[in-house]
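In: based on what follows, work out the 3D shape:
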Amino acid sequence: MEGETFSGLGNGNGTLQVDSKVLQTFQRNFVQVQDILDQNRLLIKEINQNHESRIPDNLTRNVGLIRELNSNIRRVVDLYADLSHSFIKSMEVSSEGDSSGAHKRNRVG
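Out: Numbering: from 1, shown residues only. Here you go, the predicted structure:
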């Protein structure tokens, strides 16, 4: 499967060829992000329950839970940054592979 390309992803000018390795990287990162977000949902639920209980030990435990939540958020940001970098890199490689220039898009900014 490595090295295969897939077409059919529209870019407004036809189809975009995407390497299967790139797609696997995107899928793996999105699965990691979803797992972290699911864990965060559970952390937030526990933090809220501890806060509502007003039990001193539970409130103390929240300090560690909030630190873990913040760490998870940083990991999600890093994964999205990696995804963005990989996507940009794959688009640059795709553009370089287009010798006719017909599918290149100039960014207006």
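
In: how far does the longest helix seen in the chain sit from the chain's center?
Out: In the chain, taking DSSP state H as the definition, the longest helix is helix 56-97. Remark: helix 56-97 is offset 7 Å from the chain centroid, using Cα atoms, centre = their mean, to the nearest Å.

In: just checking, what packs against that helix?
Out: In this structure, helix 56-97 packs against strand 15-19, helix 20-53, with contacts taken as 3 or more Cβ pairs under 8 Å, 6 or more residues apart in numbering; DSSP states H and E. Quick note: C-beta positions are derived from backbone N, CA and C, even for glycine.

In: ok, and which of the ones you listed has the densest surroundings?
Out: strand 15-19 (a mean of 16; mean count of other Cβ atoms under 10 Å).

In: so where's the protein shaky on pLDDT?
Out: 1-18, 97-109 (pLDDT under 70).

In: Ser90: neighbour count?
Out: 19 (other Cβ atoms under 10 Å).

In: endpoint to endpoint, stretch 43-61 covers what distance?
Out: This stretch, stretch 43-61, spans 11 Å end to end (Cα to Cα, to the nearest Å).

In: which residues touch that stretch?
Out: Asn62, Leu65, Ile66, Glu68, Leu69, Asn72 (Cβ atoms under 8 Å, 6 or more residues apart in numbering).

In: narrow those residues to those that are buried.
Out: Using 16 or more other Cβ atoms under 10 Å as the burial test, those include Asn62, Leu65, Leu69, Asn72 as buried.
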